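>>> Please find the sequence and the predicted model below.
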Amino acid sequence: MDAATFWLIGGAILIALEAMAIPGIGFLFAGFGAVLVGAVVVFGLLPPEHTVWQFGLWFLFTVISALALWKPLKNFRVNPNADNSFNDVVGTRAKVIAEPIKSGGSGKVSWSGTTMNARADASVSGELLVGTEVVITKIEGNTVTVKQV
């Protein structure tokens, strides 16, 4: 395998790892660096036999791409205007699981395929039986407050 092919395939693998398997580690920047080194070798700006220079250039391109793209990509991924209050969960429905939730007590509910800690809303009288559909009225930490639909 020639040097250009090595760098181009390596870059594609690193970018794919970032996109599909291990996000947030920096493989994206290393992948960009590898693709750029592959391009430099393809266009004859660096001879294929200068392996040490290729690795040095890869490191340099990786650092430059990280410095140039870190903040824009972070802002793209995370909404800077979000209030992190999870208000979109309030008002949605869940189901009581495992054991009944007594008035003023706590238990577990299943919401969107996730098991969550739950507490009965003050308006609940009696108990919420297993399988009962409930609506989420509030979120505090990792606990949702629920009442019967």
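Perfect, thanks for sending it.
>>> all helices for the chain, in order.
3-16, 27-42, 51-77 (DSSP state H).
>>> Can you lay out these as a markdown table showing mean neighbour count and mean pLDDT?
C-beta here means a position set from N, CA and C on the backbone, and glycine is covered the same way. Shown next, in a markdown table, are the helices of the chain (neighbours: other CB atoms under 10 Å; pLDDT from 0 to 100):
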| stretch | mean neighbour count | mean pLDDT |
| --- | --- | --- |
| helix 3-16 | 18 | 95 |
| helix 27-42 | 22 | 96 |
| helix 51-77 | 14 | 90 |
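>>> Quick one: closest of those helices to residue 135.
Of all the helices of the chain, it is helix 51-77 that lies closest to residue 135, at 30.6 Å by CB to CB.
>>> Give me the angle between that closest one and helix 3-16.
Using axes from the mean of the first three to the mean of the last three CA atoms, to 10 degrees, the inter-axis angle of helix 51-77 relative to helix 3-16 is 30 degrees.
>>> Now do helix 51-77: which elements does it pack against?
helix 3-16, helix 27-42 (3 or more CB pairs under 8 Å, 6 or more residues apart in numbering; DSSP states H and E).
>>> what's the closest non-adjacent residue to residue 48?
residue 3 (3.9 Å; CB to CB, 6 or more residues apart in numbering).
>>> what about the one you found, distance to residue 56?
Using CB to CB, to the nearest Å, residue 3 is found at 14 Å from residue 56.
>>> Find the centremost residue of the chain, please.
residue 23 (7.0 Å; CA atoms, centre = their mean).
>>> Quick check: phi and psi at that one.
Note on residue 23: backbone dihedrals following degrees, to the nearest 10 are phi -70, psi 150.
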